[in-house]
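> Quick one: sequence plus predicted model below, questions after.
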There are 2 protein chains.
Amino acid sequence: MTSEDKLIGRVRRRFTQTRNRPRVGIGDDAAILAASGGTEWVVTTDAFLENVHFLRHVQPAKSIGYKSLARATSDIAAMGARARYCFLTLGFPSNCSGPWLDQFLAGMAGGARKFGLTLAGGDTTSYPLVIISLTVIGEVDRGRAILRSGARPGDLLCVSGRLGEAELGLRLIQANSNKRGGVSSLLEKHFYPEPRLELGEWLNSRQFATSMIDTSDGLSTDLGHLCKASDVGAIIWASKLPTVSIPPKLQKRGLNPLQLALNGGEDYELLFTVPKRLISQLPRKLGSLPITLIGEITRSKKILLKDHQGRIKPLQPGGWDPFRAV
Amino acid sequence: MTSEDKLIGRVRRRFTQTRNRPRVGIGDDAAILAASGGTEWVVTTDAFLENVHFLRHVQPAKSIGYKSLARATSDIAAMGARARYCFLTLGFPSNCSGPWLDQFLAGMAGGARKFGLTLAGGDTTSYPLVIISLTVIGEVDRGRAILRSGARPGDLLCVSGRLGEAELGLRLIQANSNKRGGVSSLLEKHFYPEPRLELGEWLNSRQFATSMIDTSDGLSTDLGHLCKASDVGAIIWASKLPTVSIPPKLQKRGLNPLQLALNGGEDYELLFTVPKRLISQLPRKLGSLPITLIGEITRSKKILLKDHQGRIKPLQPGGWDPFRAV
């Protein structure tokens, strides 16, 4: 048995799963997946890399495992699809092969169980840094996926959850405030974001949403993606945004809830459009998850912000761009 | 438009494709794939990393693009499936964003055209080294994929092409002999291996093969995987192996054709088993690709080599193992 075989055995034991069993999973040249009748596959890939997307000495191994899978699964939620299978490509240094790997796998396996995902394959290798590449496959009734391109002028713009929460957690970590106690709940969203699978499927089953995207790069950037795909513009109402509240003892840090909400990345909330005639039927919460009306789609291609003083100004994409520095 | 949008545009322009069009490809949260009726999906992922799997200053960018896709596609061939879609996750440093990236994409797009693959999505990021992670999806008639697990005692063991060719090319590069001229044809298999899609589909359509794997890690290691999955053993006949011939001027280098054939990796040939009663119907070539009978599957779980002197001895897995050093 090779060292790679042993590692694969360790991964398999961690990801025991009974539902969504693939016809052939880990262990052959490729996995074999059979679709239910009348459905389409939804496929996404996402990289999560040490020193680019996370710092190994700051982020718990369990969170790295969980979050790498949650990020990719959020794309499945954003299509209104059900999560089905995942494939893990993983590189790590030899000093991570013990407890670190166990915690990493525990975090990812916990996410997989929560999201309804079965690990169906992958690739592993030795590497100087931790590098993770995930492929997640979902399933959706034929023709029913919610695309970025369906927004129409007059549609209303809604978002789930609270915007800027993950960025606030990141800022606290960067300022080293996370070690001072009393703020650990503020780090939760940064370490353990939740793909909004239930809301995505619910919107799909009710056919409420004309378009949808997840807020992975930040509202201002992701709204730009949605508007570009739909060939429309939008106006956001600053006073309506579900922003974070900054705890009193952190208020000297210059953290601005509006800026966090507009440009903070990694909330993995759903941003979607609803035709005006349906908006009264949309609840303000799904379970405990708030749904907030934050703006409107416009015919003009501009993306605008109406600020707290009622002034309207252009909203520049200020979120995450992996190549901005290039 | 963000820098990432611009890069995605550059990739899209390179991968223009008309067949295998996904219902939704690059540009939404995820791709949407509709299966033909009566088929299953075959999914594989593969990492190709600078300084682990290749050296950027030695291997042409075009080859890096081509080979990363060919490696992953070989797994689809090894299932007897048709290649359909690929997803590229790519990290690279800023000094690779010009001509290097163009050549890389040209190599990969050329491979995609040749293999019948449509690029349907992916993820890109800035990274200090070139890291490539590919997901390739194939399609196969339901229940007809050729697994590793179907070999039965008495089945005969066959292999396509020539074994050790890619390793010979790698050794020449490592010895810096590649720059001395007259050996460039010996590097071809290392830089531009060919996934044996045609043979895989042909074996599938004729139902000749009871089991199959591709020789990515080397015959001794990959045969071990196949035997373990099938719960059988095998005996290989050294005298029958389709080995490379070492050019006269390289014969002082201590290159051993048998060792190259047994343990050399990255040939991406197909290793498959055929029931005895069908072996007379198996041609010795498919087009210009040789098919060679090299051994037999046994009830005993041992993996044995019958050497040129007729002595039988255990064959240890001596191929590539990404964690051997760990």
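Right, received. Where do you want to start?
> What residue in the stretch 51-200 of chain A comes nearest to chain B?
residue A:133 (3.7 Å; C-beta to the nearest C-beta). Where C-beta positions appear, they are placed from N, C-alpha and C, glycine not excepted.
> How many residues are close by that residue?
A count of neighbours around residue A:133, defined by other C-beta atoms under 10 Å in any protein chain shown, yields 31.
> Kindly report the same for residue A:89.
25.
> Kindly state the distance between the middle of the helix or strand harbouring it and the middle of its chain.
Per DSSP states H and E: residue A:89 is located in strand A:82-92. On the basis of C-alpha atoms, centre = their mean, to the nearest Å, strand A:82-92 sits 15 Å off its chain's mean C-alpha point.
> quick revisit: following the helix or strand hosting the residue of the stretch 51-200 of chain A closest to chain B, which helix or strand comes up?
Secondary structure from DSSP H and E places residue A:133 in strand A:131-141. Note on strand A:131-141: by DSSP H and E, the next helix or strand toward the C-terminus is strand A:156-160.
> Whichever helix or strand comes after that next one: which residues count as buried?
Going down the chain from strand A:156-160, the next helix or strand is helix A:165-174, by DSSP H and E. For helix A:165-174, burial by neighbour count (16 or more other C-beta atoms under 10 Å in any protein chain shown) applies to A:165, A:166, A:167, A:168, A:169, A:170, A:171, A:172, A:173.
> Identify the farthest-apart pair in these.
Spatial extent of the buried residues of helix A:165-174 (C-beta to C-beta) is set by the pair A:165 and A:173 at 13.2 Å.
> so what sits against both of those two?
residue A:190 (C-beta atoms under 8 Å, 6 or more residues apart in numbering or on different chains).
> so the strand holding residue A:133 versus strand B:131-141, what angle?
30 degrees (axes from the mean of the first three to the mean of the last three C-alpha atoms, to 10 degrees).
> Now strand A:131-141 - C-alpha only, CSV.
Written as CSV, here are the backbone C-alpha positions of strand A:131-141 (Å, rounded to 0.1, in the frame of the first residue of the first chain):
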residue,chain,number,x,y,z
ILE,A,131,-3.6,24.5,-1.3
ILE,A,132,-7.2,23.4,-1.7
SER,A,133,-9.2,23.2,-4.9
LEU,A,134,-12.8,22.1,-4.7
THR,A,135,-15.3,21.0,-7.3
VAL,A,136,-18.9,20.9,-6.1
ILE,A,137,-21.8,19.4,-8.1
GLY,A,138,-25.4,20.2,-7.5
GLU,A,139,-28.6,19.1,-9.2
VAL,A,140,-31.6,21.2,-10.3
ASP,A,141,-34.8,20.5,-12.1
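> picking up where we left off before, okay, angle between the strand holding residue A:89 and strand A:131-141 too, please.
170 degrees.
> Name every strand pairing with strand A:82-92 and say which way it goes.
Next to strand A:82-92 in the sheet, as set by DSSP bridges, lie strand A:118-126 (parallel), strand A:131-141 (antiparallel).
> I'd like the average pLDDT over it.
What strand A:82-92 shows for mean pLDDT is 96.
> Please apply the same query to stretch A:143-157.
In this model, stretch A:143-157 carries a mean pLDDT of 96.
> pretty sure residue A:155 is touching residue A:272, no?
No. The pair residue A:155 / residue A:272 is not scored as a contact, 9.2 Å apart, by C-beta atoms under 8 Å.
> Restricting to C-alpha, output the helix or strand bottoming out on mean pLDDT in chain A in PDB.
Lowest by mean pLDDT, DSSP states H and E among the helices and strands of chain A is helix A:3-14, with a mean of 84. Taking Å, rounded to 0.1, in the frame of the first residue of the first chain, the C-alpha atoms of helix A:3-14 are listed here in PDB:
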ATOM      1  CA  SER A   3       1.500   6.400   1.300                       C
ATOM      2  CA  GLU A   4      -1.200   8.000  -1.000                       C
ATOM      3  CA  ASP A   5      -3.400   4.900  -0.600                       C
ATOM      4  CA  LYS A   6      -3.100   5.300   3.200                       C
ATOM      5  CA  LEU A   7      -4.000   9.000   3.000                       C
ATOM      6  CA  ILE A   8      -7.000   8.200   0.800                       C
ATOM      7  CA  GLY A   9      -8.200   5.600   3.300                       C
ATOM      8  CA  ARG A  10      -7.900   8.200   6.000                       C
ATOM      9  CA  VAL A  11     -10.000  10.700   4.000                       C
ATOM     10  CA  ARG A  12     -12.600   8.000   3.200                       C
ATOM     11  CA  ARG A  13     -13.100   7.000   6.800                       C
ATOM     12  CA  ARG A  14     -13.800  10.600   7.700                       C
END
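> Wasn't residue A:200 part of a helix?
Yes. Secondary structure assignment places residue A:200 in a helix (DSSP: H, G, I helix; E, B strand; the rest coil).
> So what's the residue count around it?
Residue A:200, neighbours per other C-beta under 10 Å, totals 30.
> re the thing from before, mean pLDDT lowest for which of the strands paired with strand A:82-92?
strand A:118-126 has the lowest average pLDDT among those, namely a mean of 92.
> Could you look up the SS state of the residue nearest to residue A:313 when sequence neighbours are not counted?
Of all residues not flanking residue A:313 in the chain, residue A:305 sits nearest, at 5.8 Å (C-beta to C-beta, 6 or more residues apart in numbering or on different chains). Here residue A:305 is strand, with the state taken from three-state DSSP.
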